[in-house]
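Engineer: coords please:
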Amino acid sequence: MRDVRVRFAPSPTGALHIGGVRTALYNYLLARQNNGTMILRIEDTDQGRFVPGAEEYILNSLAWVGIKIDEGVSVGGPHAPYRQSERKALYKQYAQKLIDDGNAYYAFDTEAELDAMRDKLKAAGNDNQQYGMHSRMQMKNSLTLSADETKKLIESGAYVIRLKVPAGEQIQVNDLIRGLVTVDSSQIDDKVLMKSDGMPTYHLANVVDDYLMNISHVIRGEEWLPSAPLHVLLYRFLGWEKNMPQFAHLPLLLKPDGNGKLSKRAADQMGFPIFPLTWKDPATGEVAKGFKESGYLPEALINFLAFLGWNPGTEQEIFSLNELINAFSIERINKAGAKFDIQKAQWFNQQYIKATPNDVLASQLLKESGQSVSMETALKIVSIMKERATFPQDIWEQGAFLFSAPQVFDDSVVSKKWNDEAVKVITAYKNALSGVTTIDATSAKSLLESAAASVNIGVGKIMQALRVAVTGNGSGPDLMITMEILGKDEVIRRLDYAVNTLKVKA
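Structural biologist: The predicted structure is shown next:
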């Protein structure tokens, strides 16, 4: 059996889209499941779109979600270099082989001439306005020019190299997700393989690199499916057909409503991230907040992404990375696009927060909240707030009342529940608290019941009023535990402030 060698090959043209993280994840799962190799290759042949800092961002993003690179950029390996811009001479020799074998040709057409060709074909009612078998013999290239003319134009340096797609062929791609895909060669244009700057295009570079790096599986986005027949031709023309990798084209990520491809604009409009880490565009200065900075745990994000197009065939939803590795199979990846349900992503995050040890969350609370409380208090805060938290920051944002006394009170509760009975019980309770040294949740409840009984008022009638006096809110975690965390003196101060501040409506 062939060794499993997969590659993730992003372009450093900006921040890594979350769909790219999913592609990397599926490659990683297959590699780990088969004791294979995960390769990171940077496809930077389009120098016009290169963005400073993008490569480092890609590396940091993969590291954050826990995808370990075995070979490639940042770690090296036997097939270095792993940046395509550093492999330029390599591609040229294979382009020359294609020309020598009659499977590619030089083209010298200007942009104006290309536009004129498309306009002519359109005017003639031809739906296929591509540069290919229907138009190549009317264009300026080494197929139509004499050897001397071709040589002179090559020496001038203004040329590209195009693939010569054969006519009358049915080209087949066996896709592991979609089955056998057949395309008539008349639908394939003579793609540019080498650009005028001497750089290869994606089509030539990725085929050459995948062959030389012994890639066994190419797992990539659905948008590359139309290019797969072209790549099959390249493997054949270069004599590598027997070593061609298996292809798997992943379903698109769709907007949450399923209407259209997920884009940054759509994510911005709906208020959720689309990049793993915060990204600052070096050209515009625009900052896009990432999943990490928004409070998503990497384990939760990975679990969520795994289910965008794949399912285990069971009811289980929570998977550790090791469990995903064991359960994953390409055969269970769906063809249809996957809705990017951000509420489901939040649900995954909630589950992982609940499962995170309290001491880990407490340490994070102390580090990021800026509050000067003891570890013992932080642990208590975490214990009552984590069940309600979607993100770690919710623990201190929603639990702000545990750090500072409320200055504003929930008016919907005050208007309905703050009355003479509430004031009587709370005053009696405040006096009872003054007579003890400390309180815990049990004694706080006992004292409250005694205070309410002393004025012949049921505790149930005043609980919401008491909560709003202590926390400012109409709802929240267990009030008795909350008062235990705050301590007797702080509770007395808050009750006193509420009694003196809030007015009973007539």
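Engineer: need the helices for the stretch 401-506 of the chain, in chain order.
Structural biologist: In the stretch 401-506 of the chain, helices defined by DSSP state H, counting those that start in this stretch lie at 411-417, 420-434, 441-454, 459-471, 479-486, 488-501, listed in chain order.
Engineer: I'd like those laid out as JSON lines, including distance to Phe291, mean neighbour count and mean pLDDT.
Structural biologist: (C-beta placed from N, C-alpha, C; glycine too.) As requested, the helices of the stretch 401-506 of the chain are exported to JSON lines (distance: least, CB to CB, whole Å; neighbours: other CB atoms under 10 Å; pLDDT from 0 to 100):
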{"stretch": "helix 411-417", "distance to Phe291": "34", "mean neighbour count": "15", "mean pLDDT": "91"}
{"stretch": "helix 420-434", "distance to Phe291": "44", "mean neighbour count": "18", "mean pLDDT": "94"}
{"stretch": "helix 441-454", "distance to Phe291": "36", "mean neighbour count": "17", "mean pLDDT": "94"}
{"stretch": "helix 459-471", "distance to Phe291": "31", "mean neighbour count": "20", "mean pLDDT": "94"}
{"stretch": "helix 479-486", "distance to Phe291": "31", "mean neighbour count": "21", "mean pLDDT": "94"}
{"stretch": "helix 488-501", "distance to Phe291": "36", "mean neighbour count": "16", "mean pLDDT": "94"}
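Engineer: Just the buried positions in stretch 403-412, please.
Structural biologist: 406, 409-410 (16 or more other CB atoms under 10 Å).
Engineer: for those residues, which one is nearest Ser329?
Structural biologist: Using CB to CB, Asp410 comes nearest to Ser329 of the buried residues of stretch 403-412, at 51.2 Å.
Engineer: Out of the helices of the stretch 401-506 of the chain, which is closest to Ile325?
Structural biologist: Checked against CB to CB, the stretch from the helices of the stretch 401-506 of the chain lying closest is helix 479-486, at 39.9 Å.
Engineer: and the closest one with helix 420-434, angle?
Structural biologist: Orientation of helix 479-486 against helix 420-434 (axes from the mean of the first three to the mean of the last three CA atoms, to 10 degrees) gives an angle of 40 degrees.
Engineer: got the contact list for helix 479-486?
Structural biologist: 377, 380-381, 383-384, 401-402, 439-442, 444-445, 463, 466-467, 470-471, 476, 491, 494 (CB atoms under 8 Å, 6 or more residues apart in numbering).
Engineer: follow-up on the earlier one: out of the helices of the stretch 401-506 of the chain, which is closest to Leu366?
Structural biologist: By CB to CB (comparing all of those), the closest turns out to be helix 479-486, at 14.6 Å.
Engineer: How far does that closest one sit from its chain's centre?
Structural biologist: Remark: helix 479-486 is offset 39 Å from the chain centroid, using CA atoms, centre = their mean, to the nearest Å.
Engineer: Output it as CSV, nothing but the C-alphas.
Structural biologist: The C-alpha atoms that make up helix 479-486 are tabulated as CSV, following Å, rounded to 0.1, in the frame of the first residue of the first chain:
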residue,chain,number,x,y,z
LEU,A,479,-27.8,33.7,45.0
MET,A,480,-26.7,32.0,48.2
ILE,A,481,-23.4,30.9,46.7
THR,A,482,-23.0,34.4,45.2
MET,A,483,-23.3,35.9,48.6
GLU,A,484,-20.9,33.4,50.0
ILE,A,485,-18.3,34.5,47.4
LEU,A,486,-19.0,38.2,48.1
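Engineer: Show me this protein divided up by domain.
Structural biologist: Following automatic domain parsing, the chain resolves into domains at 1-72+251-355, 88-194, 356-402, 411-501.
Engineer: Could you check those domains and tell me which one is nearest Arg236?
Structural biologist: Across the domains of the chain, Arg236 has its closest neighbour in domain 88-194 (8.8 Å, CB to CB).
Engineer: How far off centre is that closest one?
Structural biologist: 36 Å.
Engineer: Low-confidence stretches in the stretch 251-400 of the chain?
Structural biologist: Low-confidence segments of the stretch 251-400 of the chain (pLDDT under 70): none present.
Engineer: for it, what spans make up the strands?
Structural biologist: For the stretch 251-400 of the chain, the strands defined by DSSP state E, counting those that start in this stretch cover 253-254, 279-280, 287-288, 338-339.
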